[in-house]
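A.B. asks: take a look and give me a structure for this.
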Amino acid sequence: MLFVTFLFSNKIHTYLSSVSYMFPCVRIVYLHPDAKQPILGTPLSVGYDLYAVNIIHDDKLNLLTVSTGIALGFDQGLYAQICPRSSLAVNYGIEVLAGIIDEDYRGEIKVILKIPPNWDWENHILIGDRVAQLIFKKAIRPEFQDVTSQGLSPTVRRTGGFGSTNK
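C.D. replies: I've put the predicted structure just below:
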């Protein structure tokens with residue numbers, strides 16, 4: 001048995017778990033006075049909410065570059081992916097671009113949001129708002145083996161590409 005402690009809705013929760021493995025560690029550095037620790041929306045959530053401390057708008061590309069004010073360090077074998085918040089995606093068509101954070105990156109975590117043209121983002125995305133989610137994943141680094149095309153196992157799909165399974 002193991003006592004597990006985590007931050008949820010700005011409160012520390014502890015419970016007894018029968019899980020016997022150690023949780024990975026993520027170290028955090030606050031680079032801005034208003035930066036917040038990423039937190040889970042619910043105890044069973046996977047995505048940790050990321051908060052805006054600064055927003056730069058690129059009108060030409062319809063992009064927002066959102067600073068979170070934090071830098072992270074992961075245990076070996078972890079990486080993170082920045083994913084959209086479903087409410088921003090479904091309500092406004094917001095997409096997250098370029099969302100992989102490698103385990104050796106130590107700079108500020110920034111979120112790139114693709115926004116609709118001529119959208120009044122200033123009324124919808126504010127400093128302190130949750131803008132994206134951070135999901136931690138185990139890094140797998142396979143070895144590549146050179147083979148001829150006959151060295152790839154045959155499949156029903158073969159070389160069918162985009163739209164090939166939509167018959």
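A.B. asks: report how many residues lie close to Gln145.
C.D. replies: 6 (other Cβ atoms under 10 Å). C-betas here are computed from N, CA, C, even on glycine.
A.B. asks: does it sit in a helix, a strand or a coil?
C.D. replies: coil (DSSP: H, G, I helix; E, B strand; the rest coil).
A.B. asks: okay, it and Thr159: tell me how far apart.
C.D. replies: 19 Å (Cβ to Cβ, to the nearest Å).
A.B. asks: same question for Asp58.
C.D. replies: 38 Å.
A.B. asks: higher neighbour count, the two?
C.D. replies: The neighbour comparison of Asp58 against Thr159 (other Cβ under 10 Å) goes to Asp58, with 11 against 8.
A.B. asks: for the more buried one, which non-adjacent residue is spatially closest?
C.D. replies: Spatial nearest neighbour of Asp58, excluding adjacent residues (Cβ to Cβ, 6 or more residues apart in numbering): Thr65 at 7.1 Å.
A.B. asks: beta partners for the one you found?
C.D. replies: Under DSSP bridges, the beta-bridge partners of Thr65 are Ile56, Ile112.
A.B. asks: give me the pLDDT for it.
C.D. replies: pLDDT for Thr65: 97.
A.B. asks: which residues touch it?
C.D. replies: Ile55, Ile56, Asp58, Lys110, Val111, Ile112 (Cβ atoms under 8 Å, 6 or more residues apart in numbering).
A.B. asks: thanks a lot, see you next time.
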